[in-house]
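Q: got a sequence here, can you build the structure:
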Amino acid sequence: MVAEDKEMELIVRELTPKDRRYKYRSFYAMAQVSRSEAKYPDRLWVRLGRGQLQEKPWSIKIIKEIDKLPKG
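A: The predicted structure follows:
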């Protein structure tokens, strides 16, 4: 299960990216999440390991995006 209100590294999939040529955008981020929909500024729809969508949205606060690609 996800640790709530603790800073952790996650893979986030944004379903409405700024560049509309793409359906979605995935990125690594340091973030905090909460089961409370109102605690953090952005809404997060959680899916379990086999793709089952949780009934209620959570909230997420992105602290920073992480660049995982090697430089070079």
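
Q: now the element after the helix or strand in which A29 is found, going C-ward?
A: When elements are assigned from DSSP states H and E, A29 belongs to strand 25-34. Per DSSP H and E, strand 25-34 leads on to strand 42-44 as the next helix or strand towards the C-terminus.

Q: buried sites along the strand holding A29?
A: Burial within strand 25-34, assessed by neighbour count using 16 or more other C-beta atoms under 10 Å, is assigned to 29, 31-34. All C-beta atoms are positioned from the backbone trio N, CA, C, and that covers glycine.

Q: now stretch 48-62
A: Counting neighbours by 16+ other C-beta under 10 Å, one finds that the buried residues in stretch 48-62 are 58-62.

Q: so which of these is the closest to A38?
A: For A38, the closest of the buried residues of stretch 48-62 turns out to be S59, at 6.5 Å, with distances computed as C-beta to C-beta.

Q: the nearest residue to K56 once chain neighbours are set aside: how many residues sit nearby?
A: Spatially, and ignoring its direct neighbours in sequence, K56 is nearest to E37 (6.7 Å; C-beta to C-beta, 6 or more residues apart in numbering). Using other C-beta atoms under 10 Å, E37 has 12 neighbouring residues.
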